[in-house]
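Asks: Fold the stuff below for me.
(chains A and B)
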Protein chains: 2
Amino acid sequence: MFVHHVYFWLKNPDSAADKAKLIEGLNTLKGIKQIKMAHIGVPANTNRSVIERGYAVSWLLFFDNQQEQDVYQEHPVHLKFVENYSQLWEKVIVYDSVDA
Amino acid sequence: MFVHHVYFWLKNPDSAADKAKLIEGLNTLKGIKQIKMAHIGVPANTNRSVIERGYAVSWLLFFDNQQEQDVYQEHPVHLKFVENYSQLWEKVIVYDSVDA
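Replies: Numbers count the residues shown, from 1 in each chain, chains lettered A, B, ... in the order given. As a prediction, this is how the structure comes out:
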C-alpha cells in the first residue's frame, strides 16, 4: 500500500470560490485508474495544539504500490490538473508513506 | 468520513528500536472499534521538494464521523498508549479532515 497525502494552502485562503475550484480540479483526477481510493477533505472542527488547521484542502490517495503512484504523477490528466489549477495554491506539503 | 492522520517525529530518529516500539504501540490501538480503517506507514522513497520525509511513522485512521473520533481520543486503550509510548516522540503533527 502506498499512501499519498497532499495538503494545499491557497493563495487566497479566504476565497470560497478558489477552494471550490481546487476541489473541482481534484475531482477530475478521480478517474485515473491507478488510484485505489481517493478522499477530498477540509479541516475538521477539532482544535488542539498539535493539530494543523491552516491548510485549505486535503487530498488523500491510496495506490497499490509506488510504481502506480509514479504513473499517476505523470498521467496526462494529472499534468493537466497542475497546469490548470496550480495558480490557486501557495504551498503544498506531501506525505508519502508505505506499509511499516 | 473523518480522516485523522498523525505524523510522529522520534526523539531518537535513528533508533530502529524506538521506531519498532512505537509501531508496536500503534498496533495496540487497532482493536478500538470506532476505527473503520487504520494504516501504519513509514516515509516512502519518493523525494521531491514538496515532500516531507522527516517524520518516522505515519498513523492514518478513518472514522465514520467526528463523534467516533472523539470516543477514540478518550478510549482507555488510547490513553494507555499515550501514557506508555509518548516518551518516544519529540513531535506530532495531526491533520484532521472531513469530507469536502
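Asks: contacts, neighbours, all on C-alpha from now
Replies: Noted.
Asks: Look through chain A and tell me its longest helix.
Replies: helix A:16-29 (DSSP state H).
Asks: And the helix or strand just after it, what does it pack against?
Replies: Sequence order places strand A:37-43 as the next helix or strand after helix A:16-29, per DSSP states H and E. The helices and strands touching strand A:37-43, judged by 3 or more CA pairs under 8 Å, 6 or more residues apart in numbering or on different chains; DSSP states H and E, are strand A:57-63, strand B:89-99.
Asks: quick one, which of these is nearest to B:A17?
Replies: strand B:89-99 (12.7 Å; CA to CA).
Asks: Next to chain B in this structure, residues from chain A, please.
Replies: With CA under 8 Å from any CA of the partner chain as the criterion, chain A meets chain B at residues A:2, A:23, A:39-44, A:46, A:50-53, A:57-58, A:92-100.
Asks: Only the buried subset of the residues you listed, as a ChimeraX command please.
Replies: Burial among the residues of chain A next to chain B is assessed by 16 or more other CA atoms under 10 Å in any protein chain shown; the matching ChimeraX selection reads:
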select /A:2,23,39,40,41,42,43,44,51,53,57,58,92,93,94,95,96,97,98,100
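Asks: Local confidence estimate at the residue nearest the centre of chain A?
Replies: Geometric centre of chain A, nearest residue: A:W59, 2.8 Å, by CA atoms, centre = their mean. In this model, A:W59 is scored at 98, pLDDT.
Asks: what pairs with it across the strands?
Replies: A:V6, A:I40 (DSSP bridges).
Asks: Cross-check the contact I'm expecting between it and A:M37.
Replies: No - A:W59 lies out of contact with A:M37 (CA atoms under 8 Å); the separation is 10.6 Å.
Asks: Stretch A:64-77 - what's its average pLDDT?
Replies: Stretch A:64-77 comes out at a mean pLDDT of 98.
Asks: Could I get the buried residue list for that stretch?
Replies: So for stretch A:64-77, counting by 16+ other CA under 10 Å, buried means A:Q66, A:E68, A:Q69, A:Y72, A:V77.
Asks: same thing with stretch A:22-30?
Replies: Here stretch A:22-30 shows A:L22, A:I23, A:G25, A:L26, A:L29, A:K30 as buried, counting by 16+ other CA under 10 Å.
Asks: Check what contacts it and list those residues.
Replies: Stretch A:22-30 is contacted by residues A:A38, A:I40, A:V57, A:W59, A:V77, A:H78, A:F81, A:Y85, A:L88, B:A100 when judged by CA atoms under 8 Å, 6 or more residues apart in numbering or on different chains.
Asks: Tell me the gap between it and the middle of its chain.
Replies: 9 Å (CA atoms, centre = their mean, to the nearest Å).
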